[in-house]
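Enquirer: Predicted structure and sequence below. I'll ask about it afterward.
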Amino acid sequence: MPKPAQWDSTLASAIIAAHSSLDGAALPILHALQDEFGHIHEDAVPLVAQALNLSRAEVHGIVTFYHDFRRDPAGHHVLKLCRAEACQSMNGARIASDLLATLGISWGETTPDGHLTVEGVYCLGLCACAPSALFDGEPIGRISSETLADVVQQARAQ
Ligand code: FES
């Protein structure tokens, strides 16, 4: 995965300005900021609020409402586990909770060694291969506890 840029308020302001004339600019701006910096830095909130004439609370509300936005930097690798219906019905919930228990983290958190962030997503469009996941953007179908143990090992090795 490409390493996200360090927080830079000048660069953030340029990103915000480049998207601020779009309809419903808040989401495209936040996505662009996350693409650049890997998460929504807390200092981004007042910049976005000012540019869009919103309150900080409104911007904060958007960031916390959408599961896509991270408020903390991700680990070196990101594993996204599907938490939607088809995957849940194929044992996805138990596989996920076992993994989180083994790693000692909750949804959206990163292992203490910084190697792996585990996030929930709601349907990856891979329902036919449920339960499904994405590891650094690569789809993995029919996951099992064994598959995920390999993923964790791979994340720790790189
Ligand atoms: S429900 Fe999991 S990929 Fe669609």
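Expert: Nice, thanks for sending it over. Numbers count the residues shown, from 1 in each chain.

Enquirer: what about the helices in this structure?
Expert: 9-19, 26-37, 44-52, 56-65, 85-89, 92-103, 145-157 (DSSP state H).

Enquirer: Check which helices and strands the fourth one is in contact with.
Expert: Judged by 3 or more CB pairs under 8 Å, 6 or more residues apart in numbering; DSSP states H and E, helix 56-65 is in contact with helix 26-37, helix 44-52. (C-beta placed from N, C-alpha, C; glycine too.)

Enquirer: by how many degrees do the shortest one and helix 26-37 diverge?
Expert: Going by axes from the mean of the first three to the mean of the last three CA atoms, to 10 degrees, helix 44-52 is angled at 140 degrees with respect to helix 26-37.

Enquirer: how about the residues of the protein that lie near the ligand?
Expert: Counting by CB under 6 Å from any ligand atom, the chain comes close to the ligand at Cys82, Ala84, Glu85, Ala86, Cys87, Cys123, Leu124, Leu126, Cys127, Ala130, Ser132.

Enquirer: and the gap between the residue of the chain positioned farthest from its centre and Ser20?
Expert: Computed with CA atoms, centre = their mean, the residue of the chain farthest from its C-alpha average is Asn53, at 26.3 Å. Between Asn53 and Ser20 the computed distance is 10 Å (CB to CB, to the nearest Å).

Enquirer: returning to that earlier point: please check the residues of the chain next to the ligand and keep the buried ones.
Expert: Buried subset of these (neighbour count, 16 or more other CB atoms under 10 Å): Cys82, Ala84, Ala86, Cys87, Leu124, Leu126, Cys127, Ala130, Ser132.

Enquirer: and the closest residue to the last one other than its chain neighbours, what is it in contact with?
Expert: Ranked by CB to CB, 6 or more residues apart in numbering and with sequence neighbours excluded, the top spatial neighbour of Ser132 is Leu126, at 3.8 Å. Contact analysis of Leu126 by CB atoms under 8 Å, 6 or more residues apart in numbering lists Cys82, Ser132, Pro139, Gly141.

Enquirer: Now the second one. Its backbone dihedrals?
Expert: Geometry field for Ser132 lists phi and psi as phi -120, psi 160, criterion degrees, to the nearest 10.

Enquirer: coming back round to it: can I get the residues of the chain next to the ligand in a markdown table with pLDDT and distance to Glu42?
Expert: Formatted as a markdown table, those follow (pLDDT from 0 to 100; distance: CB to CB, whole Å):
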| residue | pLDDT | distance to Glu42 |
| --- | --- | --- |
| Cys82 | 97 | 29 |
| Ala84 | 96 | 30 |
| Glu85 | 95 | 34 |
| Ala86 | 96 | 36 |
| Cys87 | 97 | 32 |
| Cys123 | 93 | 30 |
| Leu124 | 94 | 29 |
| Leu126 | 95 | 34 |
| Cys127 | 96 | 36 |
| Ala130 | 96 | 36 |
| Ser132 | 97 | 32 |
